[in-house]
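Q: Structure here, sequence nowhere to be found:
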């Protein structure tokens, strides 16, 4: 069997990713947060340049760019909806390009590794490109998949731009 | 425009609370800063815990110069990261452990103590006439530490680190050494590059409590942070350092977190000592001249470097610190609180970047860059810290909203820029 699982599973994963992309591109955060398990963990580690590629991502007890739970993601979303959230006034234009490269089902879990490009255009000409890898664990609950765990690694060690305001 | 043609004294008038905007955008002023400020001042490199073992190293920046910091023979040393033959970087990783560094260009090899220990073709090409002692890595002129923080300077003439920190030492001590064992760094350094002049970042941390309610309105709006009390201080130290805060520490939430409770026990333990400086725990926001900023609040402590990469670009590095004595579960709470609030995605920090980036984008035009920024807040209102807070505490104190710190910072900046 290929690394992308069977056709049915592949289609389910792609559908999940498409729904997530639409939610994030349209700032529909209620839909996005509803795609998560209550105990979801969401982490974007710090990448440093070292001899050992495997050790280039910061560990779970170290600093990260995001290290969130559903509760803290909700706090971030609440902030973005404030009338004083200047980072989204006026709103950014954001695109998500996500490609699964490995899908593996194990019991109720589906492990998905994807490459991603997240593009953010801000104001007149500002652009941020985030390229990297997502390791997701999706949990099958009834007929749907929910995000249980995400580690998203942005490959650039020194992040571009004045801030990181998109979810990866 | 050449630096020599810019009359910096006409632009920088802290005594009037006026600073010409051109110093934040001009290429020649920037070149002069690299020479007069960054090649002469003591600069923060990192923390001792980043070099736990013999031959551990990390790379960072001193101004726009890249440097390698090593532990060699037990001693911490710092070198320009450039082969002395043709300038290739001899180290191209952020950290690691290495007894020597071999240049990828022609193969010159340097030990972790900076000595040139290998030259291909020493016999055939150099006739044994190359004096390897003369061609070791360029080392900083002085290196010293303060409670585990590593500082260095390229200037042999610079006064000692203790002199550079001056009256700031007694306050900085309360950030780094208030619990037995001092502080340690939580692993990993966040790095990102902002299209911002480095001084705008340094001066914000130095003395800008004024922006909190507006820039960070969203965080106050959702109740993540209590509305600032408007009771507090800005404290300016001779030499350009300074800090400020709401009384009792900034950043408190409506519901005190376990770490806030811990901080209260730290404070109550210290009360017995009746040291007037302890009323400034946690210190607040601050900057050690020229570009080492910090936050010491009720939820976390961090050090933030603003490394210049041209007049319009800054590479920010942030590191988070905890007391070594801090219980493990609180350590994780501090780490998470920090990531949520500061660093590139932090709910406070993102707004700072948004504002600074737009300030700097607006400096491209001639009209804009020929105007002044206003630093007149609290002009003439500052008093000796001892008068307001007792003891024999050094420095000048302004109210919670005051630009007293920035005025001293730019006075010092001008002094260095004009120095022979």
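A: Here it is on my side, so go on. Computed from a predicted model, the values in this text were never measured in an experiment. Residues are numbered from 1 along each chain as shown, chains lettered A, B, ... in the order given.
Q: Quick one: low-confidence residue ranges for the chain.
A: By default, I'm working from chain A. A:1-2 (pLDDT under 70).
Q: Please refer instead to chain B.
A: Using pLDDT under 70, the flagged stretches of chain B are B:1-4.
Q: try it again with 90
A: B:1-6, B:179-180, B:221, B:223-231, B:247-258, B:260-275, B:369, B:390-391, B:420 (pLDDT under 90).
Q: Which residue ranges make up each domain of it?
A: Domain ranges of chain B: B:43-144, B:167-418, per automatic domain parsing.
Q: The shortest one: how far from the chain's middle?
A: Centroid displacement of domain B:43-144 relative to its chain, using CA atoms, centre = their mean, to the nearest Å, is 24 Å.
Q: Show me which residues of stretch A:37-54 are buried.
A: Within stretch A:37-54, the residues that count as buried by 16 or more other CB atoms under 10 Å in any protein chain shown are A:40-48. C-beta coordinates here come from the backbone N, C-alpha and C atoms, glycine included.
Q: Kindly report the same for stretch B:264-282.
A: Applying 16+ other CB under 10 Å to stretch B:264-282 flags B:266-267, B:270, B:277-282 as buried.
Q: ends of that stretch, how far apart?
A: 10 Å (CA to CA, to the nearest Å).
Q: Minimum distance to chain A: which of the domains of chain B has it?
A: When the domains of chain B are compared by CB to the nearest CB, domain B:167-418 sits nearest chain A, at 3.1 Å.
Q: ok, residue B:176 touching residue B:149?
A: Yes: the pair residue B:176 / residue B:149 is scored as a contact, 7.0 Å apart, by CB atoms under 8 Å.
Q: which of these two has more neighbours?
A: residue B:149 (26 against 21; other CB atoms under 10 Å in any protein chain shown).
Q: so what's that one up against?
A: Contacts for residue B:149 were tallied using CB atoms under 8 Å, 6 or more residues apart in numbering or on different chains; they are B:44, B:46-48, B:176, B:303.
Q: Bridge partners for it, pull those for me.
A: residue B:47, residue B:146 (DSSP bridges).
Q: secondary structure class for residue B:15?
A: Secondary structure assignment for residue B:15 (DSSP: H, G, I helix; E, B strand; the rest coil): helix.
Q: So it sits against residue B:407, correct?
A: Yes: under the criterion of CB under 8 Å, residue B:15 makes contact with residue B:407 at 7.5 Å.
Q: Between those two, which has more neighbouring residues?
A: residue B:407 (28 against 10).
Q: backbone phi and psi for that one, please?
A: phi -60, psi -40 (degrees, to the nearest 10).
Q: any idea how far the residue nearest to residue B:12 when sequence neighbours are not counted lies from residue B:6?
A: Distances taken as CB to CB, 6 or more residues apart in numbering or on different chains place residue B:414 nearest to residue B:12, at 4.5 Å, with adjacent residues excluded. According to CB to CB, to the nearest Å, residue B:414 stands 12 Å off from residue B:6.
Q: go on, residue B:172?
A: 34 Å.
Q: OK, contacts around residue B:393?
A: By CB under 8 Å, 6+ apart, the neighbours of residue B:393 are B:170, B:276-277, B:385-386.
Q: Where does residue 151 sit: helix, strand or coil?
A: If you meant another chain, say so; for now it's chain A. Residue A:151 is classified as strand under three-state DSSP.
Q: oops, chain B please
A: strand.
Q: So it is in contact with residue B:42, correct?
A: Yes: under the criterion of CB under 8 Å, residue B:151 makes contact with residue B:42 at 4.7 Å.
Q: which residues are common contacts for these two?
A: B:144, B:161, B:164.
Q: What is the neighbour count of residue 8?
A: All of this is about chain A. Residue A:8 has 8 nearby residues by other CB under 10 Å.
Q: if you could check chain B rather than the one you did, that'd help
A: Around residue B:8 there are 17 residues (other CB under 10 Å).
Q: ok, the closest residue to it other than its chain neighbours - contacts?
A: Of all residues not flanking residue B:8 in the chain, residue B:417 sits nearest, at 5.5 Å (CB to CB, 6+ apart). By CB under 8 Å, 6+ apart, residue B:417 lies in contact with B:8, B:29, B:32-33, B:36-37.
Q: Work out for me the element residue B:417 sits within.
A: helix B:404-418 (DSSP states H and E).
Q: Now the residue nearest to the spatial centre of chain B. Nearest residue, chain neighbours left out?
A: In chain B, the residue lying closest to the centroid (CA atoms, centre = their mean) is residue B:292, at 0.9 Å. In space, and not counting its chain neighbours, residue B:292 is closest to residue B:44: 4.0 Å by CB to CB, 6+ apart.
Q: tell me the contacts of that neighbour?
A: B:149-151, B:288, B:291-292, B:303, B:305.
Q: again with residue B:194
A: A:161-163, B:201, B:313-316, B:353, B:356-357 are the contacts of residue B:194 under CB under 8 Å, 6+ apart.
Q: Return the closest of those with respect to residue A:33.
A: When those are compared for distance to residue A:33 (CB to CB), residue A:163 wins out at 21.4 Å.
Q: returning to what we had before: ok, and the most crowded of the contacts of residue B:44?
A: Compared across the contacts of residue B:44, residue B:288 has the highest neighbour count, 29 neighbours, by other CB under 10 Å.
Q: That residue against residue B:242, yeah?
A: No: with contact defined as CB under 8 Å, residue B:288 does not reach residue B:242; the gap is 9.0 Å.
Q: Now go through the buried residues of stretch A:37-54 and say which are in strands.
A: A:40-45 (DSSP state E).
Q: Can I get those residues in TSV including distance to chain B?
A: Compiled in TSV, these are given as follows (distance: CB to the nearest CB, whole Å):
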residue	distance to chain B
A:40	14
A:41	11
A:42	11
A:43	9
A:44	8
A:45	8
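Q: Now do stretch A:74-88: everything it contacts.
A: A:27, A:29, A:33, A:68, A:89, A:163, A:165, B:214-215, B:217-222, B:224, B:340, B:347, B:350-351, B:353-355.
Q: For that stretch, measure first residue to last.
A: OK, stretch A:74-88 end separation, CA to CA: 16 Å.
Q: How about stretch B:373-380?
A: Span of stretch B:373-380 from end to end, CA to CA: 18 Å.
Q: tell me what the longest helix along chain A is packed against?
A: For chain A, the longest helix by residue count, based on DSSP state H, is helix A:7-25. Contact here means 3 or more CB pairs under 8 Å, 6 or more residues apart in numbering or on different chains; DSSP states H and E; on that basis helix A:7-25 packs against helix A:29-34, strand A:93-106, strand A:109-122, strand A:144-154.
Q: Tell me which of these sits most buried.
A: strand A:144-154 (a mean of 20; mean count of other CB atoms under 10 Å in any protein chain shown).
Q: quick one: strands adjacent to it?
A: Partners of strand A:144-154, by DSSP bridges, with direction: strand A:36-45 (parallel), strand A:126-141 (antiparallel).
Q: What strands line up against the following helix or strand past the first one, and which way round?
A: Reading on from strand A:36-45 to the C-terminus, the next helix or strand found by DSSP H and E is strand A:64-68. Sheet pairing of strand A:64-68 (DSSP bridges) gives strand A:36-45 (antiparallel).
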